[in-house]
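Asker: For reference, the sequence and a predicted model appear below.
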Amino acid sequence: MLTDSRSNPQRIPEPDPNVTKTENTVVKDLSTAFARISTEDKLARRPDYGTCGRETLVYTNYFPLHVATQCPEIYRYAVSFQPEEQAKRKKRRYIEILLQDPVFSGVMVATDYSQVIITNKKVPLSEGSHNRRAIDVQWYPPDGEPIAETEESEKAQAARKKSTKTLLVEELGTVSLLELLRSLTSTGAGAYYPPKDEAIQALNVILARGPHVAPNMVAVGQNKFYPVGQHALTEAWNLSEGLQALRGYFSSARTSVNRILVNINVSTSAFYKPGNLLELMQDYLGPTNRSPSHLLKLEAFLRLLRVETHYMLARDGSKKRVRKVKTIYGLARSNNDTKGTWPHAANAQQVKFSYTDPDGNVSLISVEEYYARVHQITLKVPTSPVVNVGNRENPTYIPPELCEVLPGQVAGRMLSANQTRMMIEFAARPPNHNATSITQQGLEVMQVRQNEALSAFGINIGGNLLTVQARILPVPKLQYAGKEQQPENGKWNLARVKYTKPATINSWGCLVIEERGRPTFQSQEQALELVTTFKAALQSYGLRMGDPQPPAKIAISWPYNASEITEVVSAKFAQMVKMRIGMLLVLLPSDNTVLYDTIKYQGDVRFGVATVCTIAKKILNQRGQAQYMANVGLKFNLKCGGVNHDMRIQQLAPLDNKTILIGIDVSHPVPGSSDSAPSITGVVGSVDAQFNNYPASVRTQTGRQEMVDSDDLTEMIVERFELWQKRNGGALPNKVIIYRDGVSEGQFPVVIRDEWPSFAAAYQRLYGAEKNFPKSSLVICTKRGHTRFYPTKPEDSEGRNMNVKPGTVVDRGITGERLFDFFLVAHAGLQGTSKPAHYICLRDENKLGADQLQRITHNLCYVYGRATRAVSVCPPAYYADLVCERGRSYLHSFLKENTNVTYDRSRHWVRGVHDRLKDTMFYL
């Protein structure tokens, strides 16, 4: 559809004029009635719509959701388990069995298979005002049978009791999509449907029903679905090391002015490769990795993986093979007792146990002998580690060649650098490819066209991408020393320019880290030649640099050993401090994260030596060396307090030299991290009138705590303001713009409740009376959303991938019905489809108009210091994200390895960096 429309411009559908009309009426009413509006969240309301820039139309991956005039009320029910059930898969099965109860007959049912049931009719659970019922449900597998009540043996009764839970189903009330729609089509500023969130939740459960019940479909969370196995739409990509990427689809219902929309997007996740378990293990280990440390990693990789076996025969004598599903607990533990001695991760020949044969004879046999004697199976690879599908106390060992990995198991772990590269290669596709996938495979996966549940609930979803109004904002002009630069398509170059404010670097050096037996340089003269070339390159951009110390060298073992790296790196940094070296160019043999993170921890935290790391083969490559060194020079200059480029302050009006920009982010432990791993919080604050320099505060807090700890946030804000004061003649700013990264829509009120007061607490310490507080605006920035835009005209596209042009802003058609928000694609996409950032203004004491906030945010994306291209996210938020990532580096073993070591605040890094670096952009 996208291709046809672009080649036939007359067929491009215009945005719905009724939506535009309602938008204009609502915003006019908001501007006059805002003072008397009382809403439950007290969020800023849209002051107007933007007008700056050249108008255009773009497609977007939203579809209209139509509600029938006779749409029934939607009934909502809560489901709770007694006793509680933690396993998601078992929960799902219990609810599947629950819905077979006669009470649900004749009713269309949708569920999240966890805690919510949605129906199109009232389910008579009980009499009286409280419509609820407790129902006993006996669990049994989909291909099995429940234990019959007639089976009275003690064993059967015990098994029945163990597998039975009481599910309490309780009516929560109803929601009306017609009432919700009426509130969205109303032109009154105060129009609001109180149970809006509950209605949207119900809609999402209904939308997910089709893929939830489809065969060969795996749900990840509540709204991502992946075709697997024999499904006709399965798309897989080998990631190596036992994993594969699968392409699936995300869907979510959203409200906007005048209508309800469904957002559908392509989604990619990593899964375990289905198939023979032995082959999976061999793929993970590779041909040579059989050391104890590699086998420990293999065990962590396999833990909780579900496999099926087919070697057992039915007891009825039919010789039919029985399918059994097992969960891997681990590998064989080391043993030294009367059964024998074997190492950890022992194989089928080594592991032995006591076996009692049918005649009652007891003997000590190996796993290999057991399968040969009892199952008449001769193992092909008896030397492979066996897997334990029991538990620690009662292990059950199975040779991996007899196990099949079930499809659709998400890899909840960190990917290796190589896997990440291959994942990006699979996921990054041109816009027209993604749009076609969404309108064809995506709609089919979500079962939008033929779905009995949708019609039963009075819902119909359009089959074509919507078009919305967009504007392409003017490109700002950049300033270098004595020279103006005009970016084109979001980028520019450093040819014949000097930095706006070059730093002075008096004492610096070079550290070469190489693998033993693989020297980076053949002689010290070669190393010195590189350093001399590097110095000349940076001086050409205006940096004032003293002569470097002679290049130092460290040789490390391969494979890398974390303890050895820490020991030799810390010893070398101690020498650097004695030599008073403040800045260090580090040449690395690879992009190994253990090595990089050790250097950053030792330099930033322990010794106070600033470092810029490069990959040796890249900086030594004569082809492109000048450009590479120029990019490294950007970091050098910023870390030493310089300014690479800026823009005239008029292009950022109403920002001025009394304004501070703040960026805030929280980074949480990823799947596979230590259970005790903390979250990292980062706050950056500008200190100069050009908004180029952003020193930072960084700390840990309780893992997966969404909001920044209030006391910590107050302290970090004070730190940023005090440094601004120090750098600006003792004055304090009177204007504050805060960009808060990574907050979902449901948490907006929580930010106002939990984080906004920290600013007031900080202001009270800094300014005293409230009347002296600076005017502050709080803008949420989300960069991981699922909204995408596609150009409708070739002249409004950019690059080989034909993405929308940098500067494309959308604040109509799909934005919030009352919120002050907009989508912005500030950057030129490097690969795949460009992701817009979504900005939502929650507080606006500065009374910024839409054009002002959009222009400020867009133009700031051009003054990100370490690149010669506009970035996708406003720099304060971008820098805060980098700060958190650097904090993760300081806690590598807890946050970047698939291990479960214990984090202890009394023994490990908690906050901040060395005093010599705390007022710098150490995190670049």
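Answerer: Arrived safely.

Asker: Which parts of the stretch 151-300 of the chain are helices?
Answerer: Counting by DSSP state H, counting those that start in this stretch, one finds helices in the stretch 151-300 of the chain at the ranges 154-162, 177-185, 196-213, 277-285, 292-302.

Asker: which of those is buried the deepest?
Answerer: Highest mean neighbour count among the helices of the stretch 151-300 of the chain (mean count of other Cβ atoms under 10 Å): helix 196-213, with a mean of 21. In short, each C-beta sits where N, CA and C put it, glycine included.

Asker: Specify the local secondary structure of residue 712.
Answerer: helix (DSSP: H, G, I helix; E, B strand; the rest coil).

Asker: which residue packs closest to it, ignoring adjacent ones?
Answerer: Nearest residue to residue 712, sequence neighbours excluded (Cβ to Cβ, 6 or more residues apart in numbering): residue 699, at 5.5 Å.

Asker: any idea how far the helix or strand hosting that neighbour is from the chain center?
Answerer: According to DSSP states H and E, residue 699 maps onto strand 696-701. Taking Cα atoms, centre = their mean, to the nearest Å, one finds strand 696-701 lying 20 Å from the centre of the chain it belongs to.

Asker: same question, stretch 451-468
Answerer: Chain-centre distance of stretch 451-468: 29 Å, with Cα atoms, centre = their mean.

Asker: do stretch 179-192 as well
Answerer: For stretch 179-192 - counting by Cα atoms, centre = their mean - the centre lies 33 Å from the chain centre.

Asker: Give me the mean pLDDT for that stretch.
Answerer: In this model, stretch 179-192 has a mean pLDDT of 91.

Asker: Residues in contact with stretch 864-871: which ones?
Answerer: Applying Cβ atoms under 8 Å, 6 or more residues apart in numbering, the contact partners of stretch 864-871 are 487, 490-494, 631, 634-635, 638, 643-645, 692, 806, 826-828, 861-862, 875, 878, 921, 924.

Asker: oh, I was asking about stretch 846-854
Answerer: Everything outside stretch 846-854 that qualifies as a contact, by Cβ under 8 Å, 6+ apart, is 46-52, 473, 653-654, 735, 737, 775-777, 779, 809, 811, 820, 822, 824, 839, 841, 856.

Asker: From those residues, which land in helices?
Answerer: The helices, defined by DSSP state H, take in residue 856 from the contacts of stretch 846-854.

Asker: Sort out which of the contacts of stretch 846-854 are buried, if you could.
Answerer: The neighbour-count criterion (16 or more other Cβ atoms under 10 Å) marks 46-47, 49-50, 52, 473, 735, 737, 776-777, 779, 809, 811, 820, 822, 824, 839, 841, 856 among these as buried.

Asker: ok, now which ones touch the residue lying closest to residue 235 once chain neighbours are set aside?
Answerer: Leaving aside its sequence neighbours, residue 235 sits nearest to residue 247 (Cβ to Cβ, 6+ apart; 4.0 Å). With contacts defined as Cβ under 8 Å, 6+ apart, residue 247 is in contact with 226, 235-237, 266-268, 426, 437.

Asker: Leaving out sequence neighbours, find the closest residue to residue 466.
Answerer: Nearest non-adjacent residue to residue 466 (Cβ to Cβ, 6+ apart): residue 62, at 4.8 Å.

Asker: how about the one you found, what does it touch?
Answerer: Residue 62 neighbours (Cβ under 8 Å, 6+ apart): 254, 261-264, 465-466, 787, 814.

Asker: Dump those into TSV; add neighbour count, distance to residue 913 and pLDDT as well.
Answerer: Listed next are the contacts of residue 62 as TSV, based on neighbours: other Cβ atoms under 10 Å; distance: Cβ to Cβ, whole Å; pLDDT from 0 to 100:
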residue	neighbour count	distance to residue 913	pLDDT
254	21	41	98
261	20	45	99
262	22	46	99
263	20	40	99
264	27	43	99
465	22	47	98
466	21	47	98
787	19	36	98
814	23	41	99
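
Asker: Looking at these, point me to the pair that's furthest apart.
Answerer: Spatial extent of the contacts of residue 62 (Cβ to Cβ) is set by the pair 254 and 465 at 14.8 Å.

Asker: what residue ranges in the stretch 1-150 of the chain score low on pLDDT?
Answerer: Within the stretch 1-150 of the chain, the stretches with pLDDT under 70 are 1-10, 31-41.

Asker: change it to 90
Answerer: 1-11, 28-42, 127-129, 143-144, 149-150 (pLDDT under 90).

Asker: Nice, that's everything, thank you.
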